[in-house]
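Participant: Model the structure of this input:
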Amino acid sequence: MPNLLIVDDEYESRYFLREFIQSSEYNYFSVHEADTYEKGLLMLKQLKPSILLIEVSLPEHNGLELGKIAKQWDPGISVIILTQLKIFENVQRAINLGFSAFLLKPVLRSELKQIFERISIYSLSTETNYFIEKNEGPTNTDLANPIDSSIQYIQKHFKEPITLNMVADSVYLSPSHFSRLFKEEMGVTFIEYLTEYRIEQSKSLLKMTSLPIEVIANQMGFTSAGYFATTFRKSEGCTPSKYRSIFEKE
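Facilitator: Numbers count the residues shown, from 1 in each chain. Next up is the predicted model:
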């Protein structure tokens, strides 16, 4: 489940933000709160949140500094600054530090919704990297073992719209010869293997996160949530939602 951290010494502000998130379509985020800089720093280390909302005027500290540290630790984190101070220098610094938004209090729900629409998909995409196999670096093509090399290629690029022709090209074989060779060695067709690999990867996300089905489908390389659900049911005998609910009851 992706984490979201609110660091603000005002209880009313934290309550408003938590209520907004939990009552919106973004309620798949696990919301955490801190009322001091020190607590925020500790929770930042422990939780590694995808999104950080910070009040600038924290007791004895500037929230911008916490945001700066967060970006140093994780350049992919989305930092949203909250403040009642209409100080241009703070806005300029937030921009220079690469923060995602700068909001003046009292914050409007419409403003938050607009910002979350902009940053949440990126945050969720980042979150999936904690739960699926990472295949970094170039694929080493072994011409003596083209099917082994093609498996490496699939496992590295399965989230992309790859085709049989693309994989055949990567191992320097014609599509027809590659297709026959793959079926002979693997016992299944290229499409069957790719689909099953994507399904297996999606199962980890369904078990371990609360990410929306649409996001999981997109991240696993399926063209739509509907196609993902149909394919998953054919493979596993139940829908992705049903599969997830089995583990939620355990």
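
Participant: What is the distance between the helix or strand harbouring Ala94 and the centre of its chain?
Facilitator: In this structure, Ala94 is located in helix 88-96 according to DSSP states H and E. With CA atoms, centre = their mean, to the nearest Å as the basis, helix 88-96 stands 27 Å off its chain's centre.

Participant: So what touches it?
Facilitator: Residues from elsewhere that reach helix 88-96 (CB atoms under 8 Å, 6 or more residues apart in numbering): 56, 64, 67, 79, 81, 83, 102. To be clear about C-beta, it is placed using only N, CA and C from the backbone, and glycine gets the same treatment.

Participant: so which of those residues is the most crowded?
Facilitator: Gly67 (27 neighbours; other CB atoms under 10 Å).

Participant: Doesn't it lie inside a helix?
Facilitator: Yes. Membership of Gly67 in a helix is supported by DSSP: H, G, I helix; E, B strand; the rest coil.

Participant: Of the contacts of helix 88-96, which belong to helices?
Facilitator: Among those, the members found in helices (DSSP state H) are 64, 67.

Participant: any idea which of the contacts of helix 88-96 is closest to Val171?
Facilitator: Closest approach to Val171 among the contacts of helix 88-96 (CB to CB): Val79, at 43.1 Å.

Participant: quick one on the thing from earlier: and the furthest pair within the contacts of helix 88-96?
Facilitator: Spanning the widest gap among the contacts of helix 88-96 are Val79 and Thr83, at 12.9 Å by CB to CB.

Participant: on that earlier part again, just put the contacts of helix 88-96 in JSON lines and tack on pLDDT and distance to Leu41.
Facilitator: Output for these, formatted as JSON lines (pLDDT from 0 to 100; distance: CB to CB, whole Å):
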{"residue": "Val56", "pLDDT": "89", "distance to Leu41": "15"}
{"residue": "Leu64", "pLDDT": "90", "distance to Leu41": "13"}
{"residue": "Gly67", "pLDDT": "91", "distance to Leu41": "11"}
{"residue": "Val79", "pLDDT": "92", "distance to Leu41": "14"}
{"residue": "Ile81", "pLDDT": "88", "distance to Leu41": "16"}
{"residue": "Thr83", "pLDDT": "86", "distance to Leu41": "19"}
{"residue": "Phe102", "pLDDT": "85", "distance to Leu41": "21"}
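
Participant: quick revisit: list the buried residues for the helix holding Ala94?
Facilitator: Neighbour counts over helix 88-96 (16 or more other CB atoms under 10 Å) mark 90-91, 93-94 as buried.
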